[in-house]
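*Asks:* return a 3D structure for these sequence lines:
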Amino acid sequence: MTIEDTREKKLAPPRSPAPVDDRGEVRRRRVGRIAGPTATYVGCVIVALIAIAPFLWMLSSSFKEPGDVISLTPRLLPSPFTFENYEYLVNNGVLPFIRFLGNSAYITVLVIIGRLMVCALGAYGFARLQFRGRDAAFGLLLASLMIPDMLMVLPLYSAYVKAGLIDTHFPLIVPPIVANTFGTFLLRQFFMTIPKEYDEAALVDGASHFRIFVSIILPLSKPALATLAVLTFVNVWNDFFGPLVYLSDVNKFTVPVGLAFFQTQDSTQYGPLMAGATLAIIPTVLVFVFAQKYFTRGISMTGIK
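*Replies:* Coordinates of the predicted model:
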């Protein structure tokens, strides 16, 4: 091969690529863009239906006649549609379920208010104030999370017996307020994300730490406060062990203990049980729906710093 042949080979135009079906390629890409999200949505819908199926069955069973709840041919839609189970809850004087709802409501509200106040004050001290031993005290506080709750039942019960507080709502209200390490940790982590320049500017203007806490920190911490309020509501509203241990008067029972009365060794009243469970879950759903925006924002922003 001569130099001229090599030069002609280099200067030769490149071969044109094989023809490609542009329409087919565009169609495949379009199908891929549609198929991926569609499969994701279908999967989410299937998982959602599986998760919500027990609640739909509970709601449907609450409007069925007692014999239809455990029928061998189950039906999702009640036939006939009846309010008999709800009337039983309202008119049954032996098990005053409406009183159970009232007891759970006022205990939960008091615990939420008290816990937000106590945890917010403690979190402000650990997040914004400088004092000797602060980090060591906070570490000791976190270490208390490793103590099982069941380990404290017997000492607390003995103390309440000596103080004459058994069969009262005191053990269900005061201890959950003052002994909540997680709430203090949650708010402290959120307070750490608030710039300290706000505090310095307020101190220059003559504001006290309490004024800074009330006027600056709390308004900026609505997501974290809402998160703690929702978690506290779910925890206290669904508490079964505490009322079962500390209460003996039927009129002082809460909803979870009241629902247990419909289950005995001999039989279970499925109709009233489903109706009571439906009424018990409504407040939880409403709280989460109205606080969902703050709840999700608080969960995502807590612990950034």
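*Asks:* which SSE is residue 195 in?
*Replies:* Taking DSSP states H and E as the criterion, no element holds residue 195; it sits outside all helices and strands.
*Asks:* meant to ask about residue 274, not that
*Replies:* In this assignment (DSSP H and E), residue 274 forms part of helix 270-301.
*Asks:* so what's the gap between that helix and the chain middle?
*Replies:* Helix 270-301 sits 8 Å away from the centroid of its parent chain (Cα atoms, centre = their mean, to the nearest Å).
*Asks:* please name every helix or strand in contact with it.
*Replies:* Under the contact criterion of 3 or more Cβ pairs under 8 Å, 6 or more residues apart in numbering; DSSP states H and E, helix 270-301 touches helix 22-62, helix 66-69, helix 84-91, helix 97-128, helix 222-237, helix 255-260. The way it works is simple: take the backbone N, C-alpha and C, and place the C-beta from them, glycine included.
*Asks:* I'd like the distance between the most centrally placed residue in the chain and residue 287.
*Replies:* In the chain, the residue lying closest to the centroid (Cα atoms, centre = their mean) is residue 231, at 4.7 Å. Note on residue 231: its distance to residue 287, by Cβ to Cβ, to the nearest Å, is 10 Å.
*Asks:* also residue 79?
*Replies:* Computed as Cβ to Cβ, the residue 79 to residue 287 distance reads 33 Å.
*Asks:* can you find the helix or strand of the chain with the lowest average pLDDT?
*Replies:* The helix or strand of the chain with the lowest confidence, counting by mean pLDDT, DSSP states H and E, is helix 3-11 at a mean of 52.
*Asks:* pLDDT at the nearest residue to residue 120 once chain neighbours are set aside, what is it?
*Replies:* Nearest-residue entry for residue 120: residue 187, 5.6 Å, with adjacent residues in sequence omitted and distances by Cβ to Cβ, 6 or more residues apart in numbering. Here the pLDDT value assigned to residue 187 is 91.
*Asks:* residue 18 now?
*Replies:* pLDDT, residue 18: 50.
*Asks:* cool, residue 167 as well?
*Replies:* For residue 167, the model assigns a pLDDT of 90.
*Asks:* re the thing from before, hang on, isn't the residue nearest to residue 120 packed against residue 228?
*Replies:* Yes: here residue 187 lies in contact with residue 228, judged by Cβ atoms under 8 Å, at a distance of 6.6 Å.
*Asks:* hey, what's in contact with both of these two?
*Replies:* Taking Cβ atoms under 8 Å, 6 or more residues apart in numbering as the contact definition, residue 187 and residue 228 share the neighbouring residues residue 119.
*Asks:* point out where the stretch 1-150 of the chain drops to low pLDDT.
*Replies:* For the stretch 1-150 of the chain, residues meeting the criterion pLDDT under 70 lie at 1-28, 31-32, 72, 93-94.
*Asks:* over to the stretch 151-300 of the chain?
*Replies:* Judged against pLDDT under 70, the low-scoring parts of the stretch 151-300 of the chain cover residues 265, 294-300.
*Asks:* what strand or helix carries the residue nearest to residue 120?
*Replies:* In this structure, residue 187 sits in helix 181-191 according to DSSP H and E.
*Asks:* so what does the closest residue to residue 269 other than its chain neighbours look like in phi/psi?
*Replies:* Nearest residue to residue 269, sequence neighbours excluded (Cβ to Cβ, 6+ apart): residue 262, at 4.4 Å. With angles defined as degrees, to the nearest 10, residue 262 sits at phi -80, psi 0.
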